[in-house]
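Novice: Need the 3D shape of this:
(2 chains)
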Amino acid sequence: MVVAGKLKSYLKEIEKNNKKGKKINAILEVNPNVLKEGGKGKLAGKIIVVKSNINVKGLNASCGSKVLEDYTAPYNATVIEKIKDEGGLIIGMANCDEFASGSSGETSAFGPTKNPAVLDLIPGGSSSGSSAAVAADFCDMALGSDTGGSIRNPASHCGVVGIKPTYSSVSRYGLIDLSMSLDQIGVVAKNVSDAALLLDVIRGKDERDAISQESKKLNLKKIEEIPRNIVVGILDFKVQDKRIQELIDRKISEASEKYGWKVKKIKLDNLDLAIATYYLLVYVEFFSGTRKFDGRRYGEKIENVAGPEVLRRILGGSEISKAEHHGRYYHLGLKAKKLIADEFEKTFKKVDCIISPTVPRLPHKIGEKISIKEMYSYDTLTTPSNLAGNCAISIPIGKVEDVPVGMQIICDKFQEQKMLQIARAIEKI
Amino acid sequence: MDFLWHKVSEKEKKEIKKQAKSIMDSFSKKLSKIGKVPEFVVERGEGDREEGKSECDENFSRKLMFENAPEKNKDFIIGEKKSW
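Specialist: Down below sits the predicted model:
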């Protein structure tokens, strides 16, 4: 009965403020069967929104695009099967940047999502609807996908928790891909404990995703324990807005004093290569991955109906794929990716985690004119973890001019337990 | 420029193509300064799937798959109607 009451209250809030009222535009489709679903398990009573690039059987996996506007998912992604097996309720599908191609939540063909914290600002992207839905109280938690920061970036701008798990630790079967060597399904929630709970349900090896690997089960009780003897690495990076770095420094200083953590500044020499590396890989892999949208088996031909950012990646990806025999683009990207991954590996021998702002700037106004390079710079501090395959979390730590600011905690591959304990300890301050 | 979705004209497509190539060239230039990198081939090892172990999705809905197809016949989807 409690669950039914909560569900009805969320449905009422969606009805009030999604398309009407505040017009958040976080939800593209409400699950018509949600009142009949649910069951027993770890997620019993938890109400979940799913990014619309993840297949939920019978619902529209539009990817925020006209290409798949009428596409009904014929099967469940593995993560959805796991959620349903544990009694989670899927309330609806979330808006997102078109084919997850964006950092602002503005590129969806179904209109931009608003930031529930400050309505005229972008919520961040590409999992814009997932983060905005959690922040707007449309659900308890959400699924998103993170290829270069697409969960952490909107989580930071909307003031919620977002996790990008270690690459390969969560099955991508049923995820409509952006860039296969970087994509990772992850979670958004109102607090670290809920995020950990959902992550624990969806993680694990899956025969249907060839790269997936088994990882250690999370000890959810232990997440409440304060980790001792921690060495925190503070990333030495010049943040555009000093007020953001000040919030991070203050929080770390408090944590260090309260828990006795050691703090040291660390420099990543190859950090400034991350954006160039990331986009060279993404353009090529996205071009390759979208060849299936030819309008024959489902949907529309992508080149005919996609918006400008998707076309930029497809047309750019096509051009540099043709020129690849010189090894100047994708091959170079792979080399730089290896350099970045090696640097992280060495750094994690000296520190337990690397802490930085999640996003180095405050969000812009919806529809504001900015350059492509400015837009891509939103991902400066999030792309490195995707390139290295590490796990990372964004947690809210305060506000600048009423805009939420997130702190990013990066840990080595498969160190989610440690990362969640550090995040929870900081959350408690 | 703003990043809001809009329908793209043929003229704009040409501009986007040029712009995209120019961005990629600038990124390539930035990375061209990196020196030799030790082995960077993806190591698969334990992550490999054993042949014959892949599973069929029993919950896959053939009905929904057919509903998604723009052109179909009784029991097959028409891939292409033109001559090759």
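
Novice: okay, now residue 17: neighbour count?
Specialist: You didn't pick a chain, so chain A it is. Neighbourhood size, residue A:17 [other C-beta atoms under 10 Å in any protein chain shown]: 20. From N, CA and C alone the C-beta is placed, and that goes for glycine too.

Novice: my bad, the chain I had in mind was chain B
Specialist: Residue B:17 has 17 nearby residues by other C-beta under 10 Å.

Novice: can you tell me if the helix or strand encompassing it touches chain A.
Specialist: Element membership of residue B:17, judged by DSSP states H and E, is helix B:10-31. Yes - Helix B:10-31 reaches chain A (C-beta under 8 Å from any C-beta of the partner chain) through B:12-13, B:16-17, B:19-21, B:23-24, B:26-28, B:30-31.

Novice: And for residue A:238, the neighbour number?
Specialist: Using other C-beta under 10 Å: residue A:238 sits among 7 other residues.

Novice: hmm, back to that, sort out which residues of the helix or strand immediately after the helix holding residue B:17 in the chain are buried, please.
Specialist: Scanning forward in sequence from helix B:10-31 by DSSP H and E, the next helix or strand is helix B:62-68. Buried residues in helix B:62-68, counting neighbours by 16 or more other C-beta atoms under 10 Å in any protein chain shown, are found at B:64, B:65, B:68.

Novice: So residue A:9 lies in a strand, does it not?
Specialist: No - looking at residue A:9 with DSSP: H, G, I helix; E, B strand; the rest coil, it is helix, so not inside a strand.

Novice: For chain B, give me the ranges with low pLDDT.
Specialist: B:39-55, B:81-84 (pLDDT under 70).

Novice: one more time with 90, if that's ok
Specialist: B:1, B:33-60, B:62-63, B:70-84 (pLDDT under 90).

Novice: Most proximal residue of it with respect to chain A?
Specialist: Using C-beta to the nearest C-beta, the closest approach of chain B to chain A is made by residue B:20 at 2.9 Å.

Novice: neighbours around that residue, how many?
Specialist: 23.

Novice: Would you map the strands across chain A?
Specialist: Assigned strands in chain A, in chain order: A:27-30, A:47-51, A:89-94, A:141-145, A:161-164, A:185-189, A:231-235, A:262-266, A:353-357, A:391-400, A:403-411 (criterion: DSSP state E).

Novice: Excluding chain neighbours, what is closest to residue A:131?
Specialist: residue A:154 (3.7 Å; C-beta to C-beta, 6 or more residues apart in numbering or on different chains).

Novice: so what's that neighbour up against?
Specialist: A:105, A:123-128, A:130-132, A:144, A:162, A:188 (C-beta atoms under 8 Å, 6 or more residues apart in numbering or on different chains).

Novice: With residue A:402 instead?
Specialist: Residue A:402 neighbours (C-beta under 8 Å, 6+ apart): A:117, A:118.

Novice: What of residue B:58?
Specialist: Applying C-beta under 8 Å, 6+ apart to residue B:58 gives no contacts.

Novice: can you tell me how far it sits from residue A:273?
Specialist: Separation of residue B:58 from residue A:273 (C-beta to C-beta, to the nearest Å): 45 Å.

Novice: and if you look at residue B:10?
Specialist: Separation of residue B:10 from residue A:273 (C-beta to C-beta): 35 Å.

Novice: Compare neighbour counts for those two and give me the winner.
Specialist: Shown here are residue B:10 and residue A:273; by other C-beta under 10 Å, residue A:273 has more neighbours (25 against 6).

Novice: Tell me the confidence at the more buried one?
Specialist: pLDDT, residue A:273: 97.

Novice: Quick check, it in contact with residue B:29.
Specialist: No - contact criterion C-beta atoms under 8 Å: residue A:273 and residue B:29 do not qualify, at 11.8 Å.

Novice: filter the buried residues of helix B:62-68 by proximity to chain A?
Specialist: The overlap between the buried residues of helix B:62-68 and the neighbours of chain A (C-beta under 8 Å from any C-beta) comes to B:64, B:65, B:68.

Novice: Name all residues that make contact with the first one.
Specialist: Taking C-beta under 8 Å, 6+ apart as the criterion, residue B:64 is in contact with A:57, A:58, A:72, A:73, A:74.

Novice: Go again with 10 Å.
Specialist: Counting by C-beta atoms under 10 Å, 6 or more residues apart in numbering or on different chains, residue B:64 touches A:57, A:58, A:71, A:72, A:73, A:74, A:75, A:298.

Novice: got it, and the last one?
Specialist: Listed by C-beta under 10 Å, 6+ apart, the contact partners of residue B:68 are A:68, A:70, A:71, A:72, A:73, A:74, A:297, A:298, A:299, B:61, B:77.

Novice: Repeat the analysis, applying 7 Å as the threshold.
Specialist: A:71, A:72, A:74, A:298 (C-beta atoms under 7 Å, 6 or more residues apart in numbering or on different chains).

Novice: can you redo the residues you listed as TSV with distance to residue A:341, neighbour count and pLDDT?
Specialist: Putting the contacts of residue B:68 into TSV (distance: C-beta to C-beta, whole Å; neighbours: other C-beta atoms under 10 Å in any protein chain shown; pLDDT from 0 to 100) gives the following:
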residue	distance to residue A:341	neighbour count	pLDDT
A:71	35	23	97
A:72	39	20	97
A:74	36	21	96
A:298	36	21	89
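
Novice: Quick check: residue A:97 touching residue A:108?
Specialist: Yes - contact criterion C-beta atoms under 7 Å: residue A:97 and residue A:108 qualify, at 6.0 Å.

Novice: ok, the two, which is more surrounded?
Specialist: More neighbours surround residue A:97 than the other of residue A:97 and residue A:108, with 34 against 28 (other C-beta under 10 Å).

Novice: Report pLDDT for that one.
Specialist: 98.

Novice: check contacts around the residue nearest to it when sequence neighbours are not counted.
Specialist: Distances taken as C-beta to C-beta, 6+ apart put residue A:126 closest to residue A:97, at 3.7 Å, once the chain neighbours are dropped. Going by C-beta under 7 Å, 6+ apart, residue A:126 touches A:96, A:97, A:100, A:101, A:102, A:150.
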